[in-house]
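Undergrad: give the three-dimensional model of this entry:
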Amino acid sequence: MMRQLKTDILIFIAILLLALIIFFSISGQASVDIQVHDTYYVIDKISLTALIIGPITFLIFLIRGIRTSFKLKGANIGLIVGLLLLMKITYLINKLQQSQFNELMRLYREGVQNDMQFIQDLGKGINWIWGILGFGTLGLLLLIIRTLKNWKVGDIN
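TA: Okay, here's the model as predicted:
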């Protein structure tokens, strides 16, 4: 049982090292510029690192959690960290889409933009993301409850 905790700690340390490598490999830049179609996005180093590390952490510890029926505290804590990172990423994407939606609605009201179907689809996408965030929050709460129950049992794994 203690061996599994050491494995979880080693995996977490490896992910932290990967995060540090990604963070410091963006040589001296405060941000990364990404151009998608006609839109120009600027992503800071911390958000870019979370964008890469979040899904990796989530998937690794989700697999460990499923294999052990979410009974290992170390795997659960790693999964909580990964889920929090994914929720942060999802929230930031939702804010970005909401900003784009507001700008398109402003242009539509001024008569500049007349593609209402695209605007409606973007609004539906924003609603879906809020649903995903709600589902993620529910999953996070259930996982925290499960982890706390494991702690009360007195298991050291």
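Undergrad: not counting its neighbours along the chain, what's nearest Pro150?
TA: Actually, residue 150 is Asn. It isn't Pro. Spatial nearest neighbour of Asn150, excluding adjacent residues (CB to CB, 6 or more residues apart in numbering): Lys73 at 5.4 Å. Quick note: C-beta positions are derived from backbone N, CA and C, even for glycine.
Undergrad: helices of this structure, residue ranges please.
TA: Counting by DSSP state H, the chain has helices at residues 2-25, 45-67, 73-109, 116-153.
Undergrad: lowest-scoring secondary structure element of the chain by mean pLDDT?
TA: Within the chain, confidence by mean pLDDT, DSSP states H and E is lowest for strand 31-36 among all helices and strands, at a mean of 63.
Undergrad: on that earlier part again, for the helices of the chain, give me CSV that also has mean pLDDT and mean neighbour count.
TA: Supplementary listing: those in CSV, determined by pLDDT from 0 to 100; neighbours: other CB atoms under 10 Å:
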stretch, mean pLDDT, mean neighbour count
helix 2-25, 84, 13
helix 45-67, 88, 18
helix 73-109, 87, 17
helix 116-153, 86, 13
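Undergrad: quick one, what contacts Arg106?
TA: For Arg106, no contacting residues are found, by CB atoms under 8 Å, 6 or more residues apart in numbering.
Undergrad: and if you look at Leu72?
TA: Counting by CB under 8 Å, 6+ apart, Leu72 has contacts Gln4, Leu5, Asp8, Arg64, Gly65, Asn150, Asn157.
Undergrad: the fourth one reaches Asn76, doesn't it?
TA: Read that as Arg64. No. The criterion here is CB atoms under 8 Å, and Arg64 misses it with Asn76 at 9.1 Å.
Undergrad: can you verify my assumption that Thr57 contacts Gly82?
TA: Yes. Counting by CB under 8 Å, Thr57 touches Gly82, with 3.5 Å between them.
Undergrad: residue closest to the middle of the protein?
TA: Leu86 (1.1 Å; CA atoms, centre = their mean).
Undergrad: excluding covalently adjacent residues, which one is nearest to it?
TA: Gly54 (4.8 Å).
Undergrad: what distance do you get for the one you found to Val81?
TA: 9 Å (CB to CB, to the nearest Å).
Undergrad: before we move on, the earlier item: quick one: the residue nearest to Asn150 and Leu5 touch, right?
TA: Yes. Lys73 sits in contact with Leu5 when judged by CB under 8 Å, with a separation of 7.3 Å.
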